[in-house]
Each structure stands twice: as structure tokens, then as C-alpha cells.
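Novice: I would like the atomic coordinates for the input below:
(2 chains)
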Amino acid sequence: MRKIIKYVIADILRNKIVIAYTAFLLVMSLSIFALEDNTSKGLLSLLNIILLIVPLVSIVFSTIYIYNSSEFIELLVSQPLKRKSIWLSLFSGLAASLALSFFIGAGIPILIYQPSPTGIMMLLTGLLLSVIFVSIALFASVTTRDKAKGIGKVILLWLYFSILFDGLILFLLFQFADYPLEKAMVAVSAFNPIDLSRILILLQMDVSALMGYTGAIFRNFFGTQIGIALAFIVLVLWMMTPLWLSLRRFTTKDL
Amino acid sequence: MIDKRKVTGDMNRLIIGYFILATAIPARAFAKIIKVGKGQVVTHIQQGIDMAAAGDTVLVSEGIYRQGNIVINKPIVLKGVNHPVLDGEKKYELISVKSPGVTVEGFLVRNSGHSSMTDIAGIKIYNTHHITVINNILEDNFFGIYAQQAAHCVIQNNSITAYAKETQLSGNGIHCWKSDSMHISANSVTGHRDGIYLEFATHSLIEKNTVQKNLRYGLHFMFSHNNTYTRNIFRNNGAGVAVMYTRHVTMKNNRFEENWGDAAYGLLLKEISDSDIEGNYFEKNTSGIYMDGSSRIEMYKNVFKDNGWAIKMQASCMDIKLEKNNFINNTFDMGTNGSLVLNTFKNNYWDKYEGYDLNKDKIGDVPYRPVSMYSMIIEQNPPAMMLFRSFITALLDKTEKLLPSLTPENLKDDYPLMKPLAL
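Specialist: Numbers count the residues shown, from 1 in each chain, chains lettered A, B, ... in the order given. Next up is the predicted model:
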């Protein structure tokens, strides 16, 4: 298993797209921090990158990678190897290399320019989001045989998590404006890893504004150590569940 | 002043000694010093005061005095040496000043009684004038220093602390009611209900006080016209500072910091008019300034930094001039609840301004609209705060900037500065 992981990581890290992605993140975050005299404004720009670009690249790249290595997977399956370990090594390889490029591209600039609680939270959630979207990509690609269809599906998923979900929430909030939705919102935020990450970062960044009534509810929940721990557990669940589902599918799949 | 009296007293005594004329001159003409304390002839402070004549000094030596209420009913100086402790045993009011021209200095006043019927205070000034209360320490009293119908009083350098848990069960640090020409300076007030409370107190100067961690308001005044507040620090009070129903207020160079909570404001202005707010610093408040029904207020050279909302200006405000202020790193620069705008904004620096300056006169060429669409949405629908800073809200904000529909069109700064002012 370790050999396959090593092979996958080496293969991905040499990939031009991943190198370009790392370089892009690095250039963006360095220029953001260097150009903005106000570092918290820099963090804000970085927030949008982390919440939009990182999931997009993770999910699309992983899907394409899985489809492209279908022959390699078939070869591996013909060897005396457990399917489970093949799939898990693929996942580990993808997750490790994408997390690594995020860490190099955005993490190091954050640690240099803004090693504040907000920065650290951004780094952590960015890493988690990278891994979560790899796992979602695995699930999407294992359930669709056709490559074009699979990639389309994955892009729709990204669109849903980063834009449509929020639009839907906003719509519901206005439809049910007469009801006390504050507590429900806390629960709803668990259904979208991007939202959850954003709220965790927000709690560090906009503390003053969040001390208002609704903010206080968020803060009472997510601001405490139990809340933060719970939020991270939910994020880890977002990582494990699609992976587990895809693994179950892969072990019985007719390749 | 005290020393002078003492010196003249001593000199007089010398003259008396030399010319042996002691009996011819009535003792009352000289300021005496009456010493009170352990080992002295007089051990009760009240007894010392009763013995004193106008202009005398009652000097209280170190120690703990559990002697109930002390009434000062003649113009004397009551002075403590090394902060003698006056302990009210949670039953009494400690010092009641009922005569003009009294000075109370250098005591540690603690454990006054509590009452919901009368306002018991550590030091209370009753219907009189020209009182000086300086260098005292007040601990765990119901009200700290209380002035009713007083005039021309100096309250200076007192350190006032209480450990109140509930607002109903605690009084205010410095409380002035129906007073005039008070000078309250360099006091520190912690842990009371309101730090400094003024009602019907006029023509007063409140300066250099540090007011923090009080349960309700740091500073609270009503119907207190023509007062000046300078260089005070109001920090981390339960609901910040609230001022109401007053005109001609001058607030300069104060700091309002860390007032957090849904109903906490750096500065709440309700029905305030004809006032100046200048050179103040608002940092890390949920709302820096909240204005309701206020008019003719000029705000210059204030700094708003790291607040949730720098200013919440209700549509009921009019003729408010906001000029040359710095708005830095606030989550929202401004919030409002309607589209009517009768106020002017000019030459402020807004760090969220994205315009350009083609003619290089350091003033942006396109107006800045400080009310973002999302702050309007949150005003109507608070739970929407959950979606703040998501892609969709950024999208909405951008669309709104191109085609304003929700945000008040006239709430804008036509001459925003490109660079922050040095404040």
C-alpha cells in the first residue's frame, strides 16, 4: 500500500497542473499580502480563494486523475492486492499531494505574514477542504463510468456547495423570516463543508460584528472549544463519508 | 491651601506665645488641626468634627474605623493619613456632606449599606456647593460618590471599585443628580452599575477618567446639557456608553473600546442635539456609534477601527455632519434602517473605498456608499449573518453597487479621501 501511495504522490507532484496550482496559490497569496498594507484585508481576499479555488481544483483534478488512471487501476486490480488498499492509497496520494500544494502555496505565506488565529484557522480549514473535496471527487467518479459525465457532475457539485447552497439558504431565510431560524442555521451550516469552514474563519475575523444577537448564537456554539471541536468533527465526517461510500462501491464494482 | 492654613495657624500661635495674648484673641479666628485616631484624645471621627469649627482640619490617622455614618455639617477639611479605612459594615452611609466648602481627602471608604429605598453612598453630597472629594479609594459601596443638588464640586483622583453581580443590586460609581458645574477628573470606576451617571447635571467637565467593566453603561447621562467630556476611557462596559435627551454635548479625545454584545454600543446617542464629537477613538465595539433621533451633531476626526458596525445611523437622524473621520477595518462601515438621509458625509477615509483619483487631488472621483447591501439585509434578517463573506453575498454586493436598489441612494460620501488621515 505504501508503495502505491508513494507512486501516486510522485506521479501527481510531477504533474504540471499541480505545479501550476501551487505556483498560482503562492503568487496570489504572496502578492495579496505584499500589496495590501492592511493584512486583515489581505486575509479577506485569501478567504475567497480558499473557499472557491481550493475546492474547485481539488474536486476537478482528482476526478480527472481517477479517470485517467483507470488503466493503472485495472492493472493494480489484476495484482494480488486488496481493492480496499488500492482505493485508499489512491485517496491518500491525492489528498496528501493536494494538501501539500495548498500548504506550500497558501500555508507558508499565511504563516509568514499572518500567523494569527485567523490565519491558522484559514490554513486548517483550507487543508481540510482540500481533502474533503478529493473524497467527494472519488465518490463522484466511482459512481459514473463516463468521464465527461463524471466531470460535469463534479463541477455541478462544486457549484452547489460554493454558490447554490448559499443562494438556497438566503431564499429560505427570507421565506421564513418570521420564524426564529438562528439555531436552525447552526445545524444547516453542517450540511456544507464550505459554509462550515467560512463560519469558523468568520468567528476569528469578524468577532465584533458577530457579537450581535445572531452572531452570539453562532459564537456560543462555534466559539467554544466544544463547538470548534464539533465543527472539525463534522468536517472530518465530510471527509470520511464520501470516501467510505466510494470504497464500498469500488470494492464491488465491475471495472 | 491646607498647608497655608496650617502655616498661618502656627505663625499665629508663635505670635501668641511671644506676646502672651492668648486669652485676648478668640480661638475661633484660627484654623485648628484636630487629630483623631488611636492614641489621640479623640477616637471618634464624628466627635472630632463636632469639636471642629469652620475652617478647621480634622486629621484622621491610620486604622480601621467602624463608626457608622459621619455627617459633616460645617466647612472643614476631613483628611485621612495613609488612607484610614472607614468601614460601613454593609449598614451605613459612610460620609454625608451637608455643608458647603468641605474637603474629603485620603480615605479608604468601604462596605456601605445597600438599600432599594434610599440611595446609600460611600460619600454623599447633599444640596450644597464647593465640595472637594479627592484621593479617596472606595471599595464595594452601593453608590460610590453621590452628589444631589450640588454645585461647583471637584471629584478627583478617586479610585472606585465594586463587585456587583446584578444591575438591580448595585449603584453607580459617580452619580450626579440635579447638579451644576461639577468637575469630575482622573477617577477610575470599575464594577458598578453605571460608571458615571449624570441626570440634570449641567455645565460640567468630565475628563481623564478611566471607566471599565461596569455592568451597564460606562457613562450614562440624561438631560445634562452643556457638558464636556474629554480624554476619558470607556472600556469593556456591559452596554458601552449611552447618552440621551441632551443638547450641547462636547466629546473630545475619548476612547470607546471593546463594548461587545447585541445591545452594546461604543456610544449610543439618543435624542442628542447641537453637539460636537471630535477626535475620539472607537475600537472593537459591536457598534461604534448608534444614533437615534439625533440632530445637528458634528463629527470630526474620529477613528473607527475593528468595529462590527462603525456607525449605525437610524433614519430619524438629521443634520449630522461626518467629516474627516477614518474608517479602518470595520466589518460594516455603516448601517441604517431607512432610505431617508438628511445628513452630510464629506472627506472621510474609508478603507473599503475602491474608487480612483484621476486628478491626483487625494480625493476620490466617485462617491463612496458606506452602507453595503448586506448590512441592509442583516438589519432586516439577522440570521443572514451566517452567509456573510460567502461568494453569493459578494456577488449581491457588487450588483447592488452597480444598480442600487436596497441601499439608500443619498447616503454617500461625495469626496472620500484616498489616504487615511493622520489621527
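
Novice: contact partners of whichever strand or helix holds A:Leu26?
Specialist: A:Leu26 is part of helix A:16-35, with elements assigned from DSSP states H and E. The contact list for helix A:16-35 (C-beta atoms under 8 Å, 6 or more residues apart in numbering or on different chains) reads A:12-13, A:39, A:42, A:45-46, A:49, A:53, A:57, A:61, A:97-98, A:101-102, A:104-106, A:108-110, A:112-114. To be clear about C-beta, it is placed using only N, CA and C from the backbone, and glycine gets the same treatment.

Novice: now that helix - C-alpha only, CSV.
Specialist: Extracted as CSV, the C-alpha positions of helix A:16-35 are listed here (Å, rounded to 0.1, in the frame of the first residue of the first chain):
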residue,chain,number,x,y,z
LYS,A,16,2.1,20.2,-14.5
ILE,A,17,-1.4,21.1,-13.4
VAL,A,18,-0.5,20.6,-9.7
ILE,A,19,2.7,22.6,-10.1
ALA,A,20,0.8,25.4,-11.8
TYR,A,21,-1.8,25.2,-9.0
THR,A,22,0.8,25.5,-6.3
ALA,A,23,2.6,28.3,-8.1
PHE,A,24,-0.7,30.1,-8.7
LEU,A,25,-1.6,29.9,-5.0
LEU,A,26,1.9,31.0,-4.0
VAL,A,27,1.9,34.0,-6.3
MET,A,28,-1.6,35.0,-5.4
SER,A,29,-1.1,34.8,-1.6
LEU,A,30,2.3,36.5,-1.7
SER,A,31,1.0,39.3,-3.9
ILE,A,32,-2.1,39.7,-1.7
PHE,A,33,0.0,40.1,1.4
ALA,A,34,2.7,42.2,-0.2
LEU,A,35,0.3,44.6,-2.0
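
Novice: how long is stretch A:206-218 from one end to the other?
Specialist: For stretch A:206-218, the first-to-last residue distance is 12 Å (C-alpha to C-alpha, to the nearest Å).

Novice: now it: mean pLDDT?
Specialist: On average, the pLDDT along stretch A:206-218 is 64.

Novice: now do stretch B:82-97
Specialist: On average, stretch B:82-97 scores 93.

Novice: please identify the buried residues of it?
Specialist: The neighbour-count check on stretch B:82-97 (16 or more other C-beta atoms under 10 Å in any protein chain shown) flags B:84-88, B:92-97 as buried.

Novice: neighbours around the residue in the stretch 251-400 of chain B positioned nearest to chain A, how many?
Specialist: Closest contact between the stretch 251-400 of chain B and chain A, by C-beta to the nearest C-beta, is at B:Gly308 (3.1 Å). Neighbourhood size, B:Gly308 [other C-beta atoms under 10 Å in any protein chain shown]: 26.

Novice: next one: the one 10 residues further on
Specialist: B:Met318 is surrounded by 15 other residues when neighbours are defined as other C-beta under 10 Å.

Novice: what does it show for phi and psi?
Specialist: Backbone torsions for B:Met318, taken as degrees, to the nearest 10, come to phi -140, psi 160.

Novice: what residues are up against B:Asn337?
Specialist: B:Asn337 sits in contact with B:314-315, B:379, where contact means C-beta under 8 Å, 6+ apart.

Novice: oops, could you answer that again for B:Ile34 instead?
Specialist: Here B:Ile34 is in contact with B:42, B:48, B:51-52, B:56-59 (C-beta under 8 Å, 6+ apart).
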